[in-house]
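Got a predicted model here, sequence first, then my questions.
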Amino acid sequence: LKDYNMSWQSYVDDHLIATGTVSQAAICDHEGNIWANSPGFTPSSAEVKMMVGGFNTSGSLQASGIPCSGVKYMFVRGDEKELFGRKGSSAVAVAMCNSCVLIGTCAENIQPGQLTTTVFKLADYLRESGI
């Protein structure tokens with residue numbers, strides 16, 4: 001059991017931020033409780049719940065945008081596993097896993113396509129691992 005208790009912070013630091021393609025990141029449960037995050041990046045539980053609801057009915061996010069850590073991103077696309085939004089030249093990528101939600105943002109100096117590749121690839125890995 002101890003081996004299973006991996007460091008969620010390591011996923012944020014080593015698999016998202018260290019890639020250079022994600023500016024800020026968080027891993028939360030489906031209720032919005034933060035398991036790990038980059039410094040200063042704290043999506044509220046209400047924001048995460050809105051994102052989780054948007055995986056099933058993206059129409060609500062199309063109208064309201066994707067709120068994340070106090071920033072509202074324009075909804076660009078989404079399905080039952082992935083959401084993507086933009087605000088100017090910055091972006092947000094949100095991925096639904098079995099027990100958690102991955103959230104990543106990128107600043108102006110990072111291509112949004114690199115952000116989505118990094119976040120969605122880690123989400124695929126976690127889903128395949130049953131997480």
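Arrived safely, thanks for sending.

What does the pLDDT read for the nearest residue to residue 89 once chain neighbours are set aside?
Spatial nearest neighbour of residue 89, excluding adjacent residues (Cβ to Cβ, 6 or more residues apart in numbering): residue 108 at 4.3 Å. Every C-beta, even on glycine, is put in place using the N, C-alpha and C of the backbone. On pLDDT, residue 108 comes in at 93.

Secondary structure element for residue 108, which one?
Under the criterion of DSSP states H and E, residue 108 resides outside all helices and strands.

residue contacts, it?
Taking Cβ atoms under 8 Å, 6 or more residues apart in numbering, we find residue 108 in contact with 88, 89, 90.

which one's the longest helix in the chain?
helix 112-128 (DSSP state H).

What count of nearby residues applies to residue 11?
Look at residue 11: counted by other Cβ atoms under 10 Å, it has 21 neighbours.

Good, we can wrap up now.
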